[in-house]
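Asks: Kindly return the folded structure for what I paste below:
(one chain, ligands or ions: 1)
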Amino acid sequence: MSTQKIPVGILGATGVVGQRFIQMLEDHPWFEVAWLAASDRSEGKSYEDAVRWRLKTPIPERVLKMPVSPAGPEGAPKVIFAALDAGIARELEPKFADAGCAVVSNSSAFRMQADVPLVIPEVNPEHLALLEEQSWRKKSGGYIVTNPNCSAIGLVVALAPLHEKFGIESLFVTTMQAVSGAGYPGVASLDILGNVIPFIKNEEEKMEEETRKLLGKLNSHSVQDAGFTMAAHCNRVAVEDGHTESVSVKLKTKASAEEFVAAIEGFRSKPFELGCPLAPEKPLVYDAAPDRPQPRFDLDRGKGMTVSVGRVRPCGVFDYKFTVLSHNTIRGAAGAALLNAELLKVQGYLS
Ligand SMILES: NC(=O)c1ccc[n+]([C@@H]2O[C@H](COP(=O)([O-])OP(=O)(O)OC[C@H]3O[C@@H](n4cnc5c(N)ncnc54)[C@H](OP(=O)(O)O)[C@@H]3O)[C@@H](O)[C@H]2O)c1
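Replies: Predicted coordinates for the structure are as follows:
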């Protein structure tokens, strides 16, 4: 019954993440795309003329001829998925929140602002309470909620049960990040083919601060960050989709390898139990094969929403080392924001 669905808009609808939003919203049971916006390069064109579609499924019929609107709140629906670069997001997202919209953002612009929740629904849904601190919410009912950086999200889903059961004292992570994480056209092919680029601007800082905020404790008006020491090394590699991460962790309470793996395998999903359509029953899967997970084979678990962990073994420096894999444009971007919106709906923030 499409008329009963909540109409949503997509800001940055023509980009890598915007395209994923459109693909993932095609058959969404609760939301339907009603409005699209991008830069003035695209404004006024039909979506099919404005976009350079890079996904394997065709552009959904519903949006083919939909016009690309100016990127302002006039005429926009009340629920906005935002997939803009941080600089533009910093300017545009508050305008939508000010106009009474729920802005479900992918960008880093407001993730670390004290009154903005940075949320992974399986990990820290209680942080949504920060919405009540926002001046936009008090004035117009609008607000901004964010999902983490695409490399922080896989890591934190994997760490959440370990932090809860044993406590994390220190953490060392090296990423191998897919080219789709850089947007479109992203990294030039001559720079990345047959190469590894050991630098992604601001990525290491984002991973470190976001990981600690996500695993932090909600106090009355803010989040106290998790406080462990952490070092992130971020690299771009010639993989199309899927961020792989090598992690070493030191725990506060010692655990056997069996207990460590059991914590990962036992992680259950509250949003799944609440009936959120995109929430996989298993947000985290442990793969016991010695050479997994790999992006080529394991990326689409749980329709791209399940994070894979493998290779748990003792670490010569910390306690354990292991490998994490997650889909950067689904679990790490559009799917993350959609699941946040589903949680908002379930918790009554979209009414
Ligand atoms: N790619 C990932 O895996 C990933 C993961 C997590 C988070 N993110 C974050 O998500 C955001 C979008 O990333 P992306 O990879 O989708 O980038 P992208 O492919 O470069 O797309 C950028 C989008 O923003 C639009 N835009 C540019 N300037 C604008 C302006 N002045 N006003 C309105 N719209 C404008 C573009 O429209 P035109 O087509 O008209 O230029 C396009 O739709 C970024 O903050 C990124 O860090 C990305």
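Asks: From here on, just use CA atoms for contacts and neighbour counts.
Replies: OK.
Asks: Kindly provide the distance from the residue of the chain positioned farthest from its centre to K165.
Replies: Residue farthest from the centre of the chain, counting by C-alpha atoms, centre = their mean, is G316 at 31.5 Å. Going from G316 to K165 by C-alpha to C-alpha, to the nearest Å gives 22 Å.
Asks: ok, now K138?
Replies: 37 Å.
Asks: ok, then the element right after the longest helix along the chain?
Replies: Criterion DSSP state H: the longest helix present in the chain is helix 150-165. Using DSSP states H and E, the helix or strand that follows helix 150-165 in sequence is strand 168-177.
Asks: E26: what's it in contact with?
Replies: Residues counted as contacts of E26 (C-alpha atoms under 8 Å, 6 or more residues apart in numbering) are E32, V33, P60.
Asks: wait, is the first one part of a strand?
Replies: Yes: counting by DSSP: H, G, I helix; E, B strand; the rest coil, one finds E32 located in a strand.
Asks: Hmm, it is touching I10, no?
Replies: No: judged on C-alpha atoms under 8 Å, E32 makes no contact with I10 at a distance of 10.5 Å.
Asks: between these two, which one's more packed in?
Replies: Ranked by neighbour count (other C-alpha atoms under 10 Å), E32 and I10 place I10 first, with 29 against 20.
Asks: circling back: tell me which strands and helices the longest helix of the chain is in contact with?
Replies: Counting contacts by 3 or more C-alpha pairs under 8 Å, 6 or more residues apart in numbering; DSSP states H and E, helix 150-165 packs against strand 168-177, helix 203-214, strand 243-251, helix 257-265, strand 307-314, strand 320-326.
Asks: quick one: stretch 174-184 to chain centroid distance?
Replies: A distance of 13 Å separates the centroid of the chain from that of stretch 174-184, by C-alpha atoms, centre = their mean, to the nearest Å.
Asks: Give me the average confidence score over that stretch.
Replies: Mean pLDDT, computed over stretch 174-184, is 96.
Asks: do stretch 261-270 as well
Replies: Averaged across stretch 261-270, pLDDT comes to 96.
Asks: Quick check: end-to-end length of it?
Replies: Using C-alpha to C-alpha, the end-to-end distance of stretch 261-270 comes to 20 Å.
Asks: Which of the residues in that stretch are classified as buried?
Replies: With burial defined by 16 or more other C-alpha atoms under 10 Å, the residues of stretch 261-270 counted as buried are V261, A263, I264, E265, F267, R268, S269, K270.
Asks: could you redo these as JSON lines and give each row distance to L118?
Replies: Output for those, formatted as JSON lines (distance: C-alpha to C-alpha, whole Å):
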{"residue": "V261", "distance to L118": "27"}
{"residue": "A263", "distance to L118": "24"}
{"residue": "I264", "distance to L118": "22"}
{"residue": "E265", "distance to L118": "25"}
{"residue": "F267", "distance to L118": "20"}
{"residue": "R268", "distance to L118": "20"}
{"residue": "S269", "distance to L118": "18"}
{"residue": "K270", "distance to L118": "17"}
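Asks: how far away is P58 from G18?
Replies: For P58, the distance to G18 - C-alpha to C-alpha - is 14 Å.
Asks: For stretch 207-216, C-alpha coordinates in PDB please.
Replies: As requested, the backbone C-alpha atoms of stretch 207-216 are provided in PDB (Å, rounded to 0.1, in the frame of the first residue of the first chain):
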ATOM      1  CA  MET A 207      37.900   6.100  13.100                       C
ATOM      2  CA  GLU A 208      39.600   6.800  16.400                       C
ATOM      3  CA  GLU A 209      37.100   9.400  17.700                       C
ATOM      4  CA  GLU A 210      34.000   7.800  16.300                       C
ATOM      5  CA  THR A 211      34.800   4.400  17.700                       C
ATOM      6  CA  ARG A 212      35.200   5.800  21.200                       C
ATOM      7  CA  LYS A 213      31.900   7.900  20.900                       C
ATOM      8  CA  LEU A 214      30.000   4.800  19.600                       C
ATOM      9  CA  LEU A 215      31.100   2.600  22.500                       C
ATOM     10  CA  GLY A 216      30.800   5.400  25.000                       C
END
